[in-house]
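Undergrad: Got a predicted structure plus its sequence, pasted below:
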Amino acid sequence: MKRTKWKHPEWREAFQPLWRRILLRHMLRYLSLGVIAALGSVLLIFFLSFLTPVENLWKLCLLTGFLITAATAGIGWRKRPSQYQAARIIDRMGLQEKAVTAYELEARDDPMAVLQRQDAVRSLSCFDKRRISLRMPAKHRALIITLSMALIIINLIPNPMDEILKRERELKAEIKEQLEELKESEEKLTAEEALTEEQRLELSGLLAELSEGLKNTENYKEALKEISAAEEKLSALADRIRDENIGRLAEHLALADETKGLAEALSGRDLAGIERELESLKSQLEQSDKKDELAKQLKEAMKKAAEIIKDEEIKGKLMAAADSLSKDQPSAAVDQLGDIMNQAVNAGNAMGDARFTLQQMRSRIARAAGEAQYAQNTGSSGQTSQGGERGQGTGQGESRGQGSGIGEGSSNESSGGSNSDAGGSPNGEGGPGQEAAEKIYEKIYDPTRLGDGGEITNVPGQHTGSGEIITEKGERGLGDFSGYIPYREVYQEYKSEAMKSMDRRALPPSIQAMVREYFEELD
Amino acid sequence: MDIQDFPIIVEKIKKEIAKEIIGLKEIIDHVLIAVIAGGNVLLEGVPGLGKTRLVKTLARVLDLNFSRIQFTPDLMPADVVGTNVLVKDEQGNSVFRFQAGPIFSNLVLADEINRATPKTQSALLEAMQEHTVTVGGVTRILPEPYFVLATQNPLEQEGTYPLPEAQLDRFLFKLLLDLPSLEELHAIINLTTGISNDTADKAVDAAAILQLRQLALQVPVAKPVQDYALRLVMNTHPHLPDSPEVARQFVRCGSSPRGAQAIIQSAKVRALMEGRYNVSFDDIRNVAYPSLRHRVFLSYHAVSEGKDSDMVISELIEATEE
């Protein structure tokens, strides 16, 4: 029942002020209801923020509070009392239905209607407006006070999720920083001369794909998966480059009978075999009757190989070895050939920088994430059951990554399938637990890391005493420890392992050069 | 007559009645409401409470023809409405002439109405509702204003004939007379056992009463108020889907639409008596008891629970939202 026109001014003058006051009271009540609803919602959000990390909590609370209050006010406005309803409200204050009757009779001008209207106007004029109270209802007041107090109290309680949020922010910043570094690395790698144009493009595409993937990741697990996938692809690319180089070199070495064995060892990537064959070749070049002919054949083979090898460094060394043979320096030529073999086997290490960057990236992200996880589990440790502990640490993590000396790969799941290598050793303390508990870390001292005296690493698992203890008899290591071992034997074994490691682990060429120099000095 | 004089006239009537009737203020109010609304009243109370005196006083104050019919089991309908008797006319011919019964008055006191047989009681039906009497195929109009004030004694049940629902429905109000308070009784004794010169005088006449009735009919009823009255009547019915629990439990049969008419009609008079020109919820609630108590028939469950009609009506009023 809405009315826009007033037929009788005396009725309007008497009724309108009261109607407006009723409207005001109605809106104030809805506003206070809105404040109550907003406070309740904010309290709920605060409560939830104790269970799950909520980004921009205060902004969210303010926005929610504002929206709810505004929505309630909007509802209040939509449900505002009409004049008819206002008349009924006034009547309930002792006017004995004079107002509502006058409202209904406003269109009538018969004597009874006029009398009734006059009576109503008289009563409305005498009506004390203050009886339409604008004060907030006591219940609303009590609720607002209670909710405000609860809000203050909940704010005073330290929220463990704040720490997690802080870590997550750091993690995001870390990913952003790593992306920038990746970009730099990409630029550097694509300028790498050792790579063919096709390889450059492939590498560039791979890194661009990783960069895009990282931008879209929502958590550290996805980021680590992306990195691991990129690492695998990078590794595959490096393997392919190396295979190509080895294949070409071996093909040319197989042309001569004297170097056929060397070609086979090279094809089989048998470093010990290469060593043996080189020793044999050296002795043949120094002591054989046909040493000159052999040197000539070898020189020709090296020159032909140099023509088709794309790697400039290998090419140069092949030419240098050919020169040494020309100068009748078989020993130097064989050593240079050994270097070439090593380099061929380690070819594809142009990707080392990229892999190093990826490893570093994964290491930093994993470390940041591991700390965040640690903080999260500290916050909710009371909810973690003992039975759910995983108690499974992988120590060194995956094989390709540990050579960087960073010591990452401690989170056995976060890096996908890449850290399933046998490099880790189970601590044997915890039994197989639930997934929920795998996020619990304890700090252990790992002295086996390369680079320094060990690093603090977060390893999933806790000491529970309930895990299965596996006892194994220690086996002999790489050398024969049954007695004294000659230095050279140990040294060769050590050198061979180091070379293998360089092959297996993506070390940047500069580091590889350092390792080689070290062994050269020892030699 | 000016409508603003309405409460003044009513006050004048009440003042005159008060000269001879001590107490019974609410009963007098309701009787006056019924008289102005043109309805019949059933007065229920033990003997000696002043029922007959009230009706006599009212007749004198209102300056109306008054007749009293003492209902007894041997009372015949013709004794009430009258009959055709054989008489000689001026020419000496034998002709039937209608001898009007006591019902032909403005104000009829049907004393102890429940003592008469249903046949005789039913003789009043037409008079009460239509204000006409049909005898020998001839319908005669009763004088206006016309109303019946019947009394019944609630104690003596032996040899009585309880009024049928149809007849009860013809009464606008059923009023219950209570014992007077000690103070009132003192006043009654002083009034009735001594010499008093202060007797009730005529306050208005029949024409004025009819005018008052016309004025009352013009009183507007706001829609929510009328809606409330009608919902209250509807709520007396136990078998309706929205009927309240109290009706389902304690009411055997609810009020007829005459109940709603009675409420609205009498509420209008009450509003004017209060000096208002509109009907309020309070008016409805006030007249709901006398209008509904003889129209709401209680179940055995209500009787066994010790509930009377007024209790049930109170609960019905509570169950009906404004």
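TA: Okay, I see it.
Undergrad: where does the stretch 1-150 of chain A dip in pLDDT?
TA: Counting by pLDDT under 70, the ranges of the stretch 1-150 of chain A that qualify are A:1-4.
Undergrad: Close to chain B: what parts of it are there?
TA: A:88, A:91-92, A:96-98, A:100-102, A:104-105, A:111-113, A:115-116, A:119-120 (CB under 8 Å from any CB of the partner chain). Bear in mind the C-beta positions are built from the backbone N, C-alpha and C, glycine included.
Undergrad: Spatially central residue in chain B, please.
TA: Most central in chain B under CA atoms, centre = their mean is residue B:41, positioned 1.1 Å from the mean C-alpha point.
Undergrad: Contact partners for that one?
TA: By CB atoms under 8 Å, 6 or more residues apart in numbering or on different chains, the residues touching residue B:41 are B:30-31, B:34-35, B:147-150, B:171-175.
Undergrad: for residue B:280, same thing?
TA: Residue B:280 is in contact with A:91, A:96, A:97, A:98, B:225, B:271, counting by CB under 8 Å, 6+ apart.
Undergrad: do the same with residue B:313
TA: Residue B:313 sits next to B:288, B:289, B:292, B:293, B:296 when contact means CB under 8 Å, 6+ apart.
Undergrad: what's the neighbour count on residue 160?
TA: Here I'm looking at chain A. Neighbourhood size, residue A:160 [other CB atoms under 10 Å in any protein chain shown]: 17.
Undergrad: Chain B is the one I meant
TA: By other CB under 10 Å, 17 other residues sit near residue B:160.
Undergrad: That one: what secondary structure?
TA: At residue B:160 the chain is in coil, as set by DSSP: H, G, I helix; E, B strand; the rest coil.
Undergrad: Residues of chain A that sit close to chain B?
TA: Counting by CB under 8 Å from any CB, the positions of chain A adjacent to chain B are A:88, A:91-92, A:96-98, A:100-102, A:104-105, A:111-113, A:115-116, A:119-120.
Undergrad: from the contacts of residue B:313, which would you call buried?
TA: B:288, B:289, B:292, B:293, B:296 (16 or more other CB atoms under 10 Å in any protein chain shown).
Undergrad: In JSON lines, list those residues along with secondary structure.
TA: Converted to JSON lines, those look like this (three-state DSSP):
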{"residue": "B:288", "secondary structure": "helix"}
{"residue": "B:289", "secondary structure": "helix"}
{"residue": "B:292", "secondary structure": "helix"}
{"residue": "B:293", "secondary structure": "coil"}
{"residue": "B:296", "secondary structure": "coil"}
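Undergrad: For those, give me CSV that also has distance to residue A:253 and pLDDT.
TA: Below are the buried ones among the contacts of residue B:313 laid out as CSV (distance: CB to CB, whole Å; pLDDT from 0 to 100):
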residue, distance to residue A:253, pLDDT
B:288, 120, 93
B:289, 124, 94
B:292, 122, 92
B:293, 125, 91
B:296, 120, 91
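Undergrad: Closest to chain A out of these?
TA: In terms of CB to the nearest CB, no member of those lies closer to chain A than residue B:288, at 15.5 Å.
Undergrad: show me the residues around the closest one that make contact.
TA: B:229, B:232, B:263, B:313, B:317.
Undergrad: likewise residue B:100?
TA: B:82, B:140.
Undergrad: what's the distance between it and chain A?
TA: According to CB to the nearest CB, to the nearest Å, residue B:100 and chain A sit 38 Å apart.
Undergrad: pLDDT and secondary structure for the contacts of residue B:288 - can I get that in CSV?
TA: CSV is the format used below for the contacts of residue B:288 (pLDDT from 0 to 100; DSSP: H, G, I helix; E, B strand; the rest coil):
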residue, pLDDT, secondary structure
B:229, 94, helix
B:232, 93, helix
B:263, 94, helix
B:313, 93, helix
B:317, 92, helix
